[in-house]
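Colleague: below is the structure, and that's it, no one-letter string:
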């Protein structure tokens, strides 16, 4: 459970040592993890934020599955499907649980998708 632990570090500030706590970085949710661990649902924890990556800006949500927090970068299809399910206001998505699965995408890579049974 990489995301639920705090690391205590000592920092030196002007000759004075003091302790501070920092959290481990959240990992990104990957399709391989979903498939290997037979994950079928996740809970949305926040309204998300825009992140710039290799393919431009995308909405990134914090999610919880199997007791572990992840970042989930949405593709256009998943974003549009979440809008269909919960509306355009992402604050309304917080606390919602969605059913997910994996499949091979048009680009030949394994991807995460929202299952059709919830539409």
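Modeller: Done, it's in. These numbers were taken from a predicted model, which means no experiment stands behind them.
Colleague: now the lengthiest helix in the chain: buried residues?
Modeller: In terms of residue count, the longest helix belonging to the chain (DSSP state H) is helix 76-86. Of the residues in helix 76-86, those buried under the neighbour-count criterion (16 or more other CB atoms under 10 Å) are 78, 79, 81, 82, 86. Any C-beta I mention is one placed from the backbone N, CA and C, and that applies to glycine too.
Colleague: same check, this time on stretch 100-109
Modeller: Judged by neighbour count using 16+ other CB under 10 Å, the buried positions of stretch 100-109 are 100, 101, 102.
Colleague: now do the longest helix of the chain, average pLDDT.
Modeller: Regarding helix 76-86, the rounded mean pLDDT is 96.
Colleague: now do stretch 45-56
Modeller: Confidence over stretch 45-56, taken as the mean pLDDT, stands at 93.
Colleague: which residues are in contact with it?
Modeller: Residues from elsewhere that reach stretch 45-56, judged by CB atoms under 8 Å, 6 or more residues apart in numbering: 57-64, 69, 73-74, 90-91, 93-95.
Colleague: show me how to select, in ChimeraX, the buried members of the residues you listed.
Modeller: Applying 16+ other CB under 10 Å to the contacts of stretch 45-56, the buried members can be selected in ChimeraX as follows:
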select :58,59,60,61,62,63,69,73,74,90,93
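Colleague: and of the contacts of stretch 45-56, the nearest to residue 26?
Modeller: residue 69 (5.3 Å; CB to CB).
Colleague: so what strands line up beside the helix or strand that contains that closest one?
Modeller: Of the helices and strands defined by DSSP states H and E, residue 69 is found in strand 68-73. The partner list of strand 68-73 in its sheet, established with DSSP bridges, is strand 27-28 (parallel), strand 56-65 (antiparallel).
Colleague: pLDDT score for residue 116?
Modeller: According to the predicted model, the pLDDT of residue 116 comes to 88.
Colleague: so how far is residue 101 from it?
Modeller: 9 Å (CB to CB, to the nearest Å).
Colleague: do the same with residue 44
Modeller: With distances defined as CB to CB, the gap from residue 44 to residue 101 amounts to 16 Å.
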